[in-house]
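Engineer: any chance you can model this:
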Amino acid sequence: MFGVLAPFADIMLAVCQFVLSAAVIPTVWAGRKVQGVPLTTSLMMVGGMVVMFMALSSRGLALSATSCILAILVWSLVAVERIRGHNAR
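Structural biologist: Numbers count the residues shown, from 1 in each chain. Got it, this is the predicted structure:
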């Protein structure tokens, strides 16, 4: 049924992942304010994205795997900012 979408799977997943990563950027951009995102959420997202990266890479979806790296970096920044904000208190 979705066979017509299969040739475009890499592009579709990469675009979705990019949009999800872009949605987190305002949280990172907030800078030195204490982050409202719980540390456990950030760490679980990083872990999930690493698993997703491995799965996408193993299937040869290079563009999607690359967009996963972007998400890993963004969520890692959120976690680091959360740790710094927590330690500053």
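
Engineer: contacts only, for Ser21.
Structural biologist: Neighbouring residues of Ser21 by Cβ atoms under 8 Å, 6 or more residues apart in numbering: 67, 70-71, 74. C-betas here are computed from N, CA, C, even on glycine.

Engineer: can you tell me which of those residues end up in helices?
Structural biologist: Cross-referencing the contacts of Ser21 against helices under DSSP state H gives 67, 70-71, 74.

Engineer: which pair in those spans the largest distance?
Structural biologist: Spanning the widest gap among these are Ser67 and Val74, at 10.7 Å by Cβ to Cβ.

Engineer: compare those two (neighbour count), which wins?
Structural biologist: Between Ser67 and Val74, Ser67 has the larger neighbour count (other Cβ atoms under 10 Å), namely 25 against 22.

Engineer: the more buried one contacts Phe18, doesn't it?
Structural biologist: Yes - the criterion here is Cβ atoms under 8 Å, and Ser67 meets it with Phe18 at 5.1 Å.

Engineer: give the residues shared as contacts by those two.
Structural biologist: Joint contacts of Ser67 and Phe18 (Cβ under 8 Å, 6+ apart) do not exist.

Engineer: before we move on, back to that, for the ones in helices among the contacts of Ser21, which one is nearest Leu56?
Structural biologist: Nearest to Leu56 among the ones in helices among the contacts of Ser21, counting by Cβ to Cβ, is Ser67 at 8.7 Å.

Engineer: many thanks, we can stop here.
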